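A.B. asks: Below is the structure, and that's it, no one-letter string:
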Ligand code: DER
C-alpha cells in the first residue's frame, strides 16, 4: 500500500467516529483531506463541520458541507485531525500544515480527538520532526534565540522566499534538534513565552484514539 492509500484507509475508518446529525470537528492536512472526501459521502447524515483552517473550510464547502464558526457551537463530540508525530501516550507534534493554532482551538472544544495517520508518524519520543511554533512576527528573533539556548536550531518558515503568513496573520518558527521527553511540561513552558501564539506540541490536547494506517490494515490505538 502506498502512503496515499494508507491515508485514504484511515480517512475512511474515521467515519465510524462521526455521530449522525451532529457537527464534526475537522482538522487540516493531506490525511484529513482523505477524511473530508469520505465525509462528503455521508454529508446528508451530518449537520456540518467546524474547520481548523481556511484550506479545510474551502474543501468542505466545495463538497457541499456547511461550515460553522467555533463560536456558533458548544462542544463537539469528535475532532478528526492528522499529526506529524504521535507517541505512545497520544501526545503529538502538529503544525506541518501551519494550522496548529486553530487546530488546538477546535480540539479544545471537542470531547474526543481522533488522530488519523500513516504508520510513519508513530514515534517513541517527540522531536525528530521540526517543531512548529506560531509566533507574533516581532517576537520571532527572541523566540528563536530562546530555542537555541535549549539546544534547538530554529528558522522562520518561508514560502516563495518570504515568511509564511498563517490564517491568523502570524509567522511560524520551525525548531529541529529537540528531544521532547516531557511533552506536558514542554507545552506549558513554551506556551507562556511572550510572543508565542501556539506551540505545536499537543499534550494538553492529546489524541484519545489514533487510527494508524499500516500495510496490514488500520491499527486502533486508545490513550
Ligand atoms: O499541520 C498539521 O497539524 C497536520 O495535521 C499535519 O500534522 C498532518 O498532515 P499530513 O496528514 O498531511 O501529514
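C.D. replies: On my side now, so go ahead. Just so it is clear, the structure is predicted and the values come from calculations on it, not from any experiment.

A.B. asks: Does residue 191 touch residue 200 like I think?
C.D. replies: No - the criterion here is C-beta atoms under 8 Å, and residue 191 misses it with residue 200 at 10.8 Å. In this view, the C-beta of every residue, glycine as well, is placed from N, C-alpha and C.

A.B. asks: Quick one: name the residues of the protein near the ligand.
C.D. replies: Residues of the chain lying close to the ligand by C-beta under 6 Å from any ligand atom are 27-31, 81-84, 94-97, 99-100, 103.

A.B. asks: so which of those would you say is closest to residue 49?
C.D. replies: Relative to residue 49, the closest of these is residue 27; by C-beta to C-beta it sits at 10.3 Å.

A.B. asks: contacting residues around the residue lying closest to the closest one once chain neighbours are set aside?
C.D. replies: Of all residues not flanking residue 27 in the chain, residue 81 sits nearest, at 2.5 Å (C-beta to C-beta, 6 or more residues apart in numbering). Shown in contact with residue 81 (C-beta atoms under 8 Å, 6 or more residues apart in numbering): 25-29, 32, 52, 94, 103, 107, 113-116.

A.B. asks: Among these, which one has the most neighbours?
C.D. replies: Highest neighbour count within the contacts of residue 81: residue 103, with 33 neighbours (other C-beta atoms under 10 Å).

A.B. asks: Which stretches in the chain count as helices?
C.D. replies: 3-13, 30-40, 54-62, 100-108, 140-149, 183-191 (DSSP state H).

A.B. asks: ranking the ones you listed by burial, who's on top?
C.D. replies: Neighbour counts (mean count of other C-beta atoms under 10 Å) averaged over each of the helices of the chain peak at helix 100-108, with a mean of 24.

A.B. asks: and the angle for it with helix 183-191?
C.D. replies: Inter-element angle recorded for helix 100-108 and helix 183-191: 130 degrees (by axes from the mean of the first three to the mean of the last three C-alpha atoms, to 10 degrees).

A.B. asks: who does helix 100-108 touch, helix- and strand-wise?
C.D. replies: Contact partners of helix 100-108 among helices and strands, from 3 or more C-beta pairs under 8 Å, 6 or more residues apart in numbering; DSSP states H and E: strand 23-26, strand 48-51, strand 76-81, strand 131-135, strand 196-199, strand 201-202.

A.B. asks: Need those in TSV (columns: distance to residue 39).
C.D. replies: What follows is these, written out as TSV (distance: least, C-beta to C-beta, whole Å):
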stretch	distance to residue 39
strand 23-26	7
strand 48-51	7
strand 76-81	8
strand 131-135	25
strand 196-199	25
strand 201-202	22
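
A.B. asks: Contacts only, for the residue lying closest to residue 172 once chain neighbours are set aside.
C.D. replies: The shortest distance from residue 172 to any non-neighbouring residue, by C-beta to C-beta, 6+ apart, is to residue 157 (4.1 Å). By C-beta under 8 Å, 6+ apart, residue 157 lies in contact with 98, 132, 163, 164, 171, 172, 173, 174.

A.B. asks: From residue 194, how far off is residue 157?
C.D. replies: Distance, residue 157 to residue 194, using C-beta to C-beta, to the nearest Å: 20 Å.

A.B. asks: where does the residue nearest the centre of the chain fall, phi/psi-wise?
C.D. replies: By C-alpha atoms, centre = their mean, the chain has its centre lying nearest to residue 94, at 4.6 Å. When read as degrees, to the nearest 10, the backbone of residue 94 gives phi -140, psi 160.
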